[in-house]
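>>> Need coordinates for the below:
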Amino acid sequence: MWRLIFLVLLFGCIGGNLDSDFGAGYVGARYVNDPLGEGRAPDNDPLIRFDAFDCTTFVETVLADGDVQKLNKIRYANGVPDFVQRNHFIETDWITNNSDIVKNVSGRYAPTAVHTVTIDKKNWFKSKHNMDTDFAPRTVRLEYIPYRYAADIKVARPVVVLFLRDNPKIRDKIGTDLAVRHMGFLLPAGTLRHASRRAGAVVDMDFRKYVQRMMESPKNLGIMILEIKK
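Presented below is the predicted three-dimensional model:
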């Protein structure tokens, strides 16, 4: 009996440490917009780095355990580094192409709503990069938790959290609609660990306070919670 109790306590402590250390080694690394690329034109940035992140590359690098081959599978539709095949849009590319490692489980945690968004990759490639592609516009329905329900959410294991915003004017700037404007990890202690443009680094923040700040703008819709599959 005592041996069983010891093993339960031991593995409980190990699990807790793993949760708290989830991406902790990168805390303090500086924020750089779009720090990764294919190492060749049109994006000459490296395939992987550990000194600087934006919100997406931070999440991707942690999920990949810092392994470049795993990172490529997360960042590209076919796992082969190519600018056109990169999962540029969280809404239509990233979530779908990474369905083997993440799943939207927002409905388990709070009442949800649905936001519909149309991603026009062809127009975005042409407007932002002067590249001709044959992507058709794609409309998706995103189930999310409105901010009024989000502050009190607790999780037992680290999850990916996506932050949604409704800004119709964004299409005029980048050639497509957009919904997911930020991402990070929500940890069991109520900590948001993310690469923050505002802070200029990977930081830990109180999730409740971050949600309260997001609620100050009516354009901010809420969050999506993505379970990290084992």
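
>>> List the residues that contact the residue positioned nearest the centre of the chain.
Closest to where the C-alpha atoms of the chain average out (Cα atoms, centre = their mean) is residue 183, at 3.6 Å. By Cβ atoms under 8 Å, 6 or more residues apart in numbering, the contact set of residue 183 is 55-56, 59, 90, 160-163, 194. Every residue, glycine included, has its C-beta placed from N, CA and C.

>>> What is the burial count for residue 28?
10 (other Cβ atoms under 10 Å).

>>> That one touches residue 204, doesn't it?
No. Using Cβ atoms under 8 Å, residue 28 is not in contact with residue 204, being 9.9 Å away.

>>> Helix or strand for the residue nearest to the centre of the chain, just tell me which one.
Using DSSP states H and E, residue 183 maps to strand 180-186.

>>> List the buried residues for that strand?
Using 16 or more other Cβ atoms under 10 Å as the test for burial, strand 180-186 gives 180-186.

>>> got it, and stretch 199-218?
201-205, 207, 210-211, 214.

>>> among those, which are in helices?
If you go by DSSP state H, the buried residues of stretch 199-218 have 207, 210-211, 214 in helices.

>>> got TSV for the residues you listed, with distance to residue 22 and pLDDT too?
Shown next, in TSV, are those (distance: Cβ to Cβ, whole Å; pLDDT from 0 to 100):
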residue	distance to residue 22	pLDDT
207	14	98
210	17	98
211	20	98
214	22	97
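
>>> Looking at those, which one is closest to residue 142?
Minimum separation from residue 142 among these (Cβ to Cβ) is found for residue 214, which lies at 16.2 Å.

>>> is it true that the closest one touches residue 220?
Yes. Counting by Cβ under 8 Å, residue 220 is a contact partner of residue 214 at 4.5 Å.

>>> Which neighbours do these two have in common?
In contact with both residue 214 and residue 220: 147, 163, using Cβ under 8 Å, 6+ apart.

>>> For residue 114, which residues are in contact?
141-144 are the contacts of residue 114 under Cβ under 8 Å, 6+ apart.

>>> Tell me the helix or strand right after whichever strand or helix holds it.
Per DSSP H and E, residue 114 falls inside strand 113-119. Note on strand 113-119: by DSSP H and E, the next helix or strand toward the C-terminus is helix 121-129.

>>> May I see the buried residues of that following helix?
Buried residues in helix 121-129 (16+ other Cβ under 10 Å): 121-125, 127.

>>> what do you get for stretch 136-145?
138, 140, 142, 144-145.

>>> any idea which of those residues is closest to residue 190?
residue 145 (15.3 Å).

>>> and that closest one, helix, strand or coil?
Put simply, residue 145 is strand when judged by DSSP: H, G, I helix; E, B strand; the rest coil.

>>> Now for the closest residue to residue 229 other than its chain neighbours, how many residues are close by?
Distance criterion Cβ to Cβ, 6 or more residues apart in numbering; nearest residue to residue 229, sequence neighbours excluded, is residue 101 at 5.4 Å. Using other Cβ under 10 Å, residue 101 is surrounded by 17 other residues.

>>> List the residues that contact residue 101.
63, 74, 228-229.

>>> Can you tell me which of those residues are buried?
Among the contacts of residue 101, those that count as buried by neighbour count (16+ other Cβ under 10 Å) are 63, 74, 228.

>>> if you look at those residues, which of them are in strands?
Judged by DSSP state E, strands contain the following of the buried ones among the contacts of residue 101: residue 228.

>>> Columns distance to residue 149 and pLDDT on top of the buried ones among the contacts of residue 101, output as CSV?
Shown next, in CSV, are these (distance: Cβ to Cβ, whole Å; pLDDT from 0 to 100):
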residue, distance to residue 149, pLDDT
63, 26, 97
74, 29, 98
228, 21, 97
